[in-house]
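>>> When you get a sec, could you give me coordinates for this:
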Amino acid sequence: MQALIANLSLASLMVAATVTIHFFGLLGLLHVLRRRGRHFKAHESVLGQGGLIMAVVFGIFAIHTLEIWAYAAVFEALGEFKNFETALYFSTVTFASLGYGDVQMSEKWRLFGSIEAAN
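Here you go, the predicted model:
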């Protein structure tokens, strides 16, 4: 029961952290687009519209990357993996909901790890 509470508590903290990262990341992206978006001249050409869409997609990709790295840092801090590269690999695969299964967390923290996919 104690492990369940620890897993769900840490998962709740990480969900709150990633939602906060996403919130402020989107606010930052919106700020940049408001200040620099007119340079794309999206209202004048299809190329400008494409450039604006690409800026948004890359911005969102950067936000997701921060969230993946945040989970990887926690996995490493918990001592779940032998190095950060493995933690980052596991986090990326889990975040993308692929779950290859070649790298696994211990039973102690596996519920916490699975929450990343739902997040």
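>>> List the buried residues in the longest helix belonging to the chain.
Assignment by DSSP state H gives helix 2-36 as the longest helix of the chain. For helix 2-36, burial by neighbour count (16 or more other CB atoms under 10 Å) applies to 7, 10-11, 14, 18, 21-22, 25, 29, 33. To be clear about C-beta, it is placed using only N, CA and C from the backbone, and glycine gets the same treatment.
>>> How much space separates the residue located most distally from the centre of the chain from residue 56?
Relative to the centre of the chain, the most outlying C-alpha is that of residue 44, 33.9 Å out, by CA atoms, centre = their mean. According to CB to CB, to the nearest Å, residue 44 stands 18 Å off from residue 56.
>>> mind showing which ranges of this structure have poor pLDDT?
Applying pLDDT under 70 to the chain flags residues 37, 40, 42.
>>> what's near enough to touch the residue most central in space within the chain?
Nearest residue to the geometric centre of the chain (CA atoms, centre = their mean): residue 67, 2.7 Å. Counting by CB atoms under 8 Å, 6 or more residues apart in numbering, residue 67 makes contact with 18, 21-22, 95, 119.
>>> Mind doing that once more with 6 Å?
Residue 67 is in contact with 18, 21, counting by CB atoms under 6 Å, 6 or more residues apart in numbering.
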